[in-house]
Structure formats: structure tokens, C-alpha cells
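Colleague: Here is a sequence together with a model predicted from it:
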Number of protein chains: 6
Amino acid sequence: MPKPIHYADASAEVRAVFDDIKATRGVPDVNNFWKYLAHDPVTLARTWESVKQVMTPGALDARTKEMIYLAVSVTNGCEYCIASHGAAARKAGMSEAMFGELMAVVGMANETNSLANGYRVPVDAAFEW
Amino acid sequence: MPKPIHYADASAEVRAVFDDIKATRGVPDVNNFWKYLAHDPVTLARTWESVKQVMTPGALDARTKEMIYLAVSVTNGCEYCIASHGAAARKAGMSEAMFGELMAVVGMANETNSLANGYRVPVDAAFEW
Amino acid sequence: MPKPIHYADASAEVRAVFDDIKATRGVPDVNNFWKYLAHDPVTLARTWESVKQVMTPGALDARTKEMIYLAVSVTNGCEYCIASHGAAARKAGMSEAMFGELMAVVGMANETNSLANGYRVPVDAAFEW
Amino acid sequence: MPKPIHYADASAEVRAVFDDIKATRGVPDVNNFWKYLAHDPVTLARTWESVKQVMTPGALDARTKEMIYLAVSVTNGCEYCIASHGAAARKAGMSEAMFGELMAVVGMANETNSLANGYRVPVDAAFEW
Amino acid sequence: MPKPIHYADASAEVRAVFDDIKATRGVPDVNNFWKYLAHDPVTLARTWESVKQVMTPGALDARTKEMIYLAVSVTNGCEYCIASHGAAARKAGMSEAMFGELMAVVGMANETNSLANGYRVPVDAAFEW
Amino acid sequence: MPKPIHYADASAEVRAVFDDIKATRGVPDVNNFWKYLAHDPVTLARTWESVKQVMTPGALDARTKEMIYLAVSVTNGCEYCIASHGAAARKAGMSEAMFGELMAVVGMANETNSLANGYRVPVDAAFEW
């Protein structure tokens, strides 16, 4: 399987992306996700540009965006993403109390999603505006 | 398949839950989800008590909670839940600009979740505190 | 998209499978699932042979097997499968009270699955025998 | 990430839930799931009350309920839940032959769920009663 | 819920993306997916640029890429995506025989994925190179 | 949990399947998946016969089939299947450039699947032929 590509071994193209990640986030090194994506410099560059655009605060602040990212990752059971975005959300200000409430909502949503599907509940006319 | 149970046809036990939902939410009738769950009064009562507890504002405000609920529902592709919690999130203050950013984050999270899985990226030591 | 292939229009190869389904289940016609799979006679035959083998009562009775099938279908949110295996489970003896309890378990399992993932709970040594 | 909270370090509120789990199940200690949920005593208490209510034998016996729980967990690929509910189902009487048949049904359901989706099979009128 | 934004009602920013989609694909109008994404011009533009880059033939030809897209959409049970990428794959040369074999592989993969998870099969050393 | 059943400890029934896998694939031993399935000889034999039929080159070549298998496994986040079918796809001729493009398509598909669901995009009439 692919191995991580470290900065010292990276091409100029990959280093340029790594440099931008480090500068944007103020971190000394990129995390493993980017070191693996580096096997495909085109996907690496596109994914980083997309993440940077999507995660920049706008109508939603950075913390809310990271919590939404985490909620999706938990629902998908993606261990790497739960760990990395759990860390990112905490860095963006998510307290442990907020994490607990986020998890409670995620758990409840997964439960009621399956209840709605299993009972084959039709969408209310009031929700179709 | 199960059919909705309307207030007029509901048992006293079910009516008590319906009444509490209507009073808590300030709505004239409950939405279809509850009318279908009414086939199982025990699950109806437990689910409502859980939803009420989980969705009450705490460390997270109501709008953030509804947006997390929506993000999970979109990830699971639960049409009923997308419609109902999309409506609830808007009622709680989610603007269309916020919805757009929420969807952008949800889409990006689903993409990078699959990238992290496919490249089998190991969790960074820095995320294991 | 593919359209259903009805008995009158089916090849001898497809008719042979349809005949076996009808005889095994004691039904006058096959349901839509088989009429669509008929576009690929090899997959049709293999799937029917597999379903027949898997769903025959053994250590588990027919009703339990259909309820497990339904639980998976609800979790996946597959509407066709929820409808068809909901009907099959009821035909095999699942009462509405049993359906209600099945749904309560399915909902709880989906909730706690996401809680276990989100809290990154490690497997207890006691479960590794 | 969160660490387990052991009985010795737990608050009175958490200990009360742990005590009830131990008494109800007749076990000397709670499993990791509860030790992690203990970070959020409200979710801990609610989840335990829900699990206790849902898993109590009723129209379905304990073994069938645990097997349904396991089928959902396998479908979601939740490793912790597969291990813990695999153990619970065996404790409730699931033999290895039953486990084999359960897995065969779960596998077949996941296969035919995707076939029904991919062929876009419409629900038969006969299933809409 | 959001409604489609048609060319006649679109902003100059959205029209520019629509024009590029139509020119690139040689179609008289864009499909619904883009008309809904048009509510968020930033996501619209980014998604189109990403799709264009990713789906351009490279080491893999267009037909193979569309079939992979379809396989993912079937696995996720996304009806819109199954319909749209089913059409796109056929336009790119997927025959009905190829579709049948694709579906057989997708079904089998979903089945064995759940079997591997349920039996908790550890990765072979031979696969870790 | 189940342990692997090695050739030396296997029944004649299981050995016959193992022998056919080894002969068909030209490998000295079967991989772990089969050693775990060996706990249920009926499922072992059926699954192997199905996989053999489905993966034989037909309208689609072996490499394309393995890449579709891999795309599904990545989407489901099945680690064992990602490792084993990643190896199988490479053995069948998937280059690292092809893997990169496959992953880019899988990521994009998972992103746009969630966008289509979240915006509740209706299927275009043009896709319903």
C-alpha cells in the first residue's frame, strides 16, 4: 500500500502544497493525510485548494464548520477523520461539553434516520415549500 | 406498511406525547415522523424524551444542533430527515448562505473520508493525546 | 434505465428461474426485483440460488432470517428492500409488536454504533477470546 | 481523544449508572463503551436507560434482539459494536451455527440492497398495503 | 427546499459555469444537479472545476471513470447519481452487458465487505507491502 | 471471536474449496478472508463459487472488475477489502497512476452523492428512458 511522502523526499510540486498548508495553518509539518495524497500531486493540490476554500470562515465560523466535518466523519465511521477533525474542532474552540452535545446529536440523528427509513415516513407537505 | 396515526385516532398514551410535542414546539399538529412512530407508543415516548433532551440548547445553540442533525441526515441520504431537519434548521435561524456552506463542508467531508480510507492513512501521533 | 422483464417476454433461461421462484414461494408471479435482474440471466440465476440457500430455515428459523434481512435493509435505507422484506417478514410471522421492537433495536444500534465510533472506544480484552 | 473513566475516578452520578449496569447484567465491571460515554453523564444515563428498555425481552427474545443489533453493527462496519454485541449475542444463546447463518443473511442483504438500488427497482403494488 | 435555477434566471457568475458545462459536454442545457448547486455559486464553480479535472481521461478512460462513479453511487444508494451516472456511463460506451457485470461486482463487493467486517478478518501480511 | 482455520486443520469439505482457490489463483495459500469463512463451509463454498463467476473476465476485463470492487470497498471503509482488493487490482494491472485516478473519482462521487441528496435534486426526465 502507499507509504507517506515526507517533505525531504517530495517533488517541488508537492512541496509547494505542503508549504502552503504549513503557512496557512501555522504548523511545522503537514499531517499524514497530505503525505499520502502526495502520491497523486494533482489530487493533492485540488483537495487542498478545496479544503482551504470550504473551511474558511464565512456565514459559518471555523468551529461550526469543523464540528459539521466531525459529525460527518463520525457517521461514516472514518477513524482517521474522527481523530484529525476532532483535534481540529478542539483547536477551533470546541469544548468537551460541546463535543458531548455534538455526539448526542449525531447519535440521535443516526437513530431517527433509521426509524424514518424503516417506518417509510412520507415527507410532510409542510416541508415542501 | 404502517400508516400514520392521527390525533383523533390515537390512544390516550399517544395523545399525551403528541400534546407535549405540540406544546414544546408551538405547532398545531405533529409531523409525520411521530404519527408513524405512534404504532409503538413505548418507542414514541422514549424517542421524544430523548430528542427533547438532546436538542435543548446547552453548550451548543439550537441552530448548531439542527445543522449537525442535518449534516448527518444528508450523509445518510435519509430523505425524510433532510426535509424535516432542513426545515427545522431554517426555523432555528440557518440562512441559505449557511446552508450552502454546510453542504460544502458535508460534501468535502464525505470526499476526504473516502480518500483517508482508500489511502489507508494512519492516525498521526499528534492526534492521540 | 432498465425496465422489468415480464414472464411473457422472458427467455427460456429466465423463465426457468421465475418458475422456480414461483413454485418455491407459492406465488403467482415474481416480484419486481427478479424482473429487473432478468436483464442479466447469469446474475438472476446465481442470486436466486444464493437467496434460496441462505433463507432456508436452519439453525435460524425463517422469521428470524427475514427480520435480520429487514434490519440490514433499514440500516442501508434501501426502500425497495424495506418494503419487500417487511412484507416477507410479516408473512413469516413477524407481528406488529415484533416489528416495533425490531425497529427500536435497529434505531438504538445505529445510535450506539456512531457513539462508539465517535468516542473511539477500544475493544475490551474480554471480547477478544 | 477521550480516555476511559474508571469507577474509582467516576462521579457519584456516573457511579450510579455503572452500578445499575453491573447489577442488571451481573458483571463485575462495565465495558469500555460506558467508560467513554461517562465523559457526558447526561448521555451516559439516557443511553443506558434506552438500551435497558429496548433490550428487555418482549415480543422478541433477548437472543433475537442481540442478533439484530449485531446485524446492524456488521452492516455499519463498527468494529467495537461487532465485538461487543457478538459477545452479547453468544452469551444470550447464539450458537456458532446461528452466527454463520446470521452472517450469510447479512451478506446477502447487503448484496441485494445494492442490486435493488442499482437497477432502480420500483416497489411492487403488492407491498403497499 | 431549494428549487432549480434556470439559465434565464441565473446570475452572470452562474451562467458562466453553465456555459462551460454545456460547451464541454456538448449539451443544450445542464442537468438538474447544476441547477440546484447554482444556489451556491462558489460551490457550483468549484465542483464543476473538480469534476472536469477528475473525469478527464488520463490513466483511466472516460468509460471506466464513469463506471467507478456509478459503482460508488449504487453503493451509497443515491438515486439521482445512479440515474445521472448510469446515463453518463452508457453515453461513454458502457453496454448493457457491462452494466450487468458492474452490478454483479458491486453486489458481491457489498456482500463480502460485510462478511469481512463481521468475521473481523485481519489484513494478511502479504497485503502490507 | 472466530479464529482462522488453516489448511492443516480444515475438513475435507473446506480443503476442497481451498484447493480450488489456490489452483484458480495460482497461489500457495488462501488469504485470511477464506480462512475465517471456513467456519461456515456452506457460505465458504457459495461465496467462492460466486466470486469466481463474478470476477471472471467477460464484457469487463479483470482489472476493471477489481477496480470496481476496490471503489466499493473504499466507499464502505472496509479496511480488509481495501487492502486485499487493492493488492488484487495491482496484480491485475492497475498502475499507481490508475489508483490515483480511481481514488479521485471515488472521492468526487462520494462528495457529489451527498450534494445531490442534500439539495434533494430530482432526477431529470432525460435520464428516465
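Modeller: That came through fine.
Colleague: I'd like the distance between A:L115 and chain F.
Modeller: 18 Å (Cβ to the nearest Cβ, to the nearest Å). (Each C-beta comes from the backbone N, C-alpha and C, glycine too.)
Colleague: Check which helices and strands the helix or strand harbouring A:R63 sits against.
Modeller: Assigned by DSSP states H and E, A:R63 belongs to helix A:62-76. Counting contacts by 3 or more Cβ pairs under 8 Å, 6 or more residues apart in numbering or on different chains; DSSP states H and E, helix A:62-76 packs against helix A:41-55, helix A:79-91, helix A:96-118, helix B:62-76, helix B:96-118, helix C:96-118.
Colleague: quick check: angle from that helix to helix F:62-76?
Modeller: 120 degrees (axes from the mean of the first three to the mean of the last three Cα atoms, to 10 degrees).
Colleague: mind putting the helices and strands packed on helix A:62-76 in a markdown table, mean pLDDT and distance to E:K22 included?
Modeller: Output for these, formatted as a markdown table (pLDDT from 0 to 100; distance: least, Cβ to Cβ, whole Å):
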| stretch | mean pLDDT | distance to E:K22 |
| --- | --- | --- |
| helix A:41-55 | 98 | 23 |
| helix A:79-91 | 98 | 36 |
| helix A:96-118 | 98 | 36 |
| helix B:62-76 | 98 | 28 |
| helix B:96-118 | 98 | 23 |
| helix C:96-118 | 98 | 41 |
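Colleague: for chain D, what are the nearby residues on chain A?
Modeller: A:G77, A:A83, A:G86, A:E96, A:G100, A:E101, A:M103, A:A104, A:G107 (Cβ under 8 Å from any Cβ of the partner chain).
Colleague: Now chain A against chain F: closest residue?
Modeller: As assessed by Cβ to the nearest Cβ, chain F sits closest to A:D40 within chain A, at 3.4 Å.
Colleague: Now do the contacts for that residue.
Modeller: F:G100, F:E101, F:M103, F:A104 (Cβ atoms under 8 Å, 6 or more residues apart in numbering or on different chains).
Colleague: Out of those residues, which comes closest to chain C?
Modeller: F:M103 (22.4 Å).
Colleague: Kindly tell me how buried the nearest residue to A:P122 once chain neighbours are set aside is, as a neighbour count.
Modeller: Computed as Cβ to Cβ, 6 or more residues apart in numbering or on different chains, the closest residue to A:P122 that is not its neighbour in sequence is B:N32, at 6.0 Å. Residues lying near B:N32 (other Cβ atoms under 10 Å in any protein chain shown) number 21.
Colleague: per-residue confidence at B:N32?
Modeller: pLDDT for B:N32: 98.
Colleague: Likewise for A:M1?
Modeller: 69.
Colleague: Pull the number of nearby residues for the nearest residue to A:Y119 once chain neighbours are set aside.
Modeller: In space, and not counting its chain neighbours, A:Y119 is closest to B:Y36: 4.0 Å by Cβ to Cβ, 6+ apart. For B:Y36, the count of nearby residues is 24 (other Cβ under 10 Å).
Colleague: Okay, buried residues for stretch A:52-66 please.
Modeller: A:V54, A:M55, A:G58, A:L60, A:A62, A:R63, A:T64, A:K65, A:E66 (16 or more other Cβ atoms under 10 Å in any protein chain shown).
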